[in-house]
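Asker: Everything below, folded, please.
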Amino acid sequence: MFDENYKFTVVDRFTKYVKYDTQSDEDSETIPSTEKQKVLSKDLVTELLELGLSDANMDENGYVMATLPGNSEKDVPVIGFIAHVDTSPAVKASDVDPQIHENYQGGDIEIGNRKVIDAAGNPELSDMIGMDIITTDGTTLLSADDKAGIAEIMDALAYIKAHPEIKRGTIKIGFTPDEEIGRGANKFDVQKFGAKYAYTIDGSTRGEVETETFSADAVVITFNGINVHPGYAKDKLVNSMKVAANFMEMLPKNELSPETTDKREGYVHPVSFNGNEEKTVIKFIIRDFIDDKLKEFEEIVKSLCEKAVANHPGSSFEFEIIEQYRNMKNILNNHPNVEENALESLKRLGITPIQSAIRGGTDGSRLSYMGLPTPNLFAGGHNFHAITEYVAVQDMEASVKNIVTLIQVWEEKA
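Answerer: From the prediction side, this is the model:
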C-alpha cells in the first residue's frame, strides 16, 4: 500500500520543531499569548509553500491555514487536519535536546539528569519493543504535544506530493496557537478554513480515535479581607489568605480531585493561588463528561466559599464561572461518518482502534461546537506535560500513514 522506498521525514521534522520555544502563557491577554509561537508558525508557512500549498498563510493572531487542492473527479467532502504549535507552560520547553533510544528492548529508560521513564509506570512501553524512542535529556519537555502532530501532518503532505497518483479531495491544514491554555479555537475562523470535517492530530497511543472529551469550566474565586497595619490589627485585620486557606482545607480530600479520580469521574482542581492580606485569588478548573455535573461541582465549591467567609467575619468573596468547552460527543454523534472513516483507516493499516473518552479537551472540543466536527487522532506521544515525555519513531510513522490512508478513505467513500 505504501512506497517501501520512501524515506519518511517525520523524525527530522519533529526533532527540528521541538527546538523552537513555543510555550503559551495563561496570564497573557494577547493573541497568541506569546509572540515566540509565531516564529515556528512562520517557518511552517514557508514549508507549506515549498510543498506546493500556494495559499499557505499566517494571520495576525498566529493561525496558519493552507489548502492542498484535490485531484478526484468525485464530490469529496473537504476535510482538515489540525495541530497546535504551543507547548505547555507547566515545564521548561526551551533548549530541548531530543535523544533517540534505538531498538528499545524493555525495562526502564534513563534519559539523563537522574530522570527515568519507568516501565512499570508506563505500560505502553511493552508494545514498543524493537522501536526507536525519542525522549528529552531529562531537563525539559519534549514537546511531542503537539509537535509530533505537526511533523506527522507535514510528512503526510510530503508523501502525497511525492505520490501525486493518490486520489484525494481538497485537504485543509490548520496550525493553532494557545491550545494548552484553552484558547486554541478562540480566533479560529471556521468559515475561512473551509473544511466540512476535521481531525486534530493530538492524541497519544497508537490507534486512538477520540470522539468524547470532558466538558470544562474555569472558576475564579476572589477572597477579600481587611488589611490593617499588623501592629494595630487587633480585632480589625481579616487576612484574605487565611480565609482562602480555610476554604482550601475544606475541599474534598478523597473525591472530586484529579489525583483520586479516573475513567468517567470528574474533578475540581485548583491550579493557581495568589494573594496578600487584602485579596487572594484562587483559580480552578472544573471537569466532567456530563454538563450538568459541572454545575453540581461549582455549587459545592461555592458553598465552601460561603462557609469560609462565615468563619471569618468581615471577609467576602467573588465567584466567577468561565465556560471553556463542552463534550464534543454531543456534536459528533450527529456525524457518524467522521468516526467511521477514521476506524476504516486504522483497519486498513492493521492497527487496533482505541476508542476512549479524553480526560481533557482538544481544539476539536470547541471547533465541533463552532460548526466543524473534529475528533482527535493519535500522534504517538506519552507523558504529556512532563519531563518524562516520549514518543516512538514507528508510532509517528504510523500516524503519517494513517493521515494519508484516511484521506484515501474519504475519497473512495464519496
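Asker: Measure how buried Glu60 is and give me the count.
Answerer: By other C-beta atoms under 10 Å, the residues close to Glu60 number 9. From N, CA and C alone the C-beta is placed, and that goes for glycine too.
Asker: Likewise for the one 3 residues further on?
Answerer: Taking other C-beta under 10 Å as the criterion, the count of residues near Tyr63 is 25.
Asker: residue contacts, it?
Answerer: Residues counted as contacts of Tyr63 (C-beta atoms under 8 Å, 6 or more residues apart in numbering) are Ser41, Gly174, Phe175, Thr176, Pro177, Lys187, Phe188, Asp189.
Asker: any idea how far it lies from Ala386?
Answerer: Distance, Tyr63 to Ala386, by C-beta to C-beta, to the nearest Å: 28 Å.
Asker: Same question for Val11.
Answerer: 21 Å.
Asker: what do you get for Lys234?
Answerer: For Lys234 relative to Ala386 (C-beta to C-beta), the value is 48 Å.
Asker: quick one: which of the two has more around it?
Answerer: Ala386 (17 against 8).
Asker: Which pLDDT value goes with the more buried one?
Answerer: Per-residue pLDDT puts Ala386 at 95.
Asker: Go ahead and confirm it touches Leu141.
Answerer: Yes - if you go by C-beta atoms under 8 Å, Ala386 and Leu141 touch, sitting 7.5 Å apart.
Asker: can you list residues touching both of these two?
Answerer: Common neighbours of Ala386 and Leu141 (C-beta under 8 Å, 6+ apart) are Val91.
Asker: Quick one: residues contacting Ala119.
Answerer: Residues near Ala119 by C-beta under 8 Å, 6+ apart: Gly106, Gly107, Asp108, Ile109, Leu125, Ser126.
Asker: If you rank those by neighbours, which is first?
Answerer: Leu125 (22 neighbours).
Asker: Is that residue in a helix, a strand, or coil?
Answerer: Taking DSSP: H, G, I helix; E, B strand; the rest coil as the rule, one finds Leu125 in the helix state.
Asker: In three-state terms, label the closest residue to it other than its chain neighbours for me.
Answerer: Nearest residue to Leu125, sequence neighbours excluded (C-beta to C-beta, 6 or more residues apart in numbering): Ala119, at 5.2 Å. Under three-state DSSP, Ala119 falls in the coil class.
Asker: So Ala119 versus Lys401, what's the distance?
Answerer: Counting by C-beta to C-beta, the gap from Ala119 to Lys401 is 27 Å.
Asker: Same check on Asn333?
Answerer: From Asn333 to Lys401 the distance is 28 Å (C-beta to C-beta).
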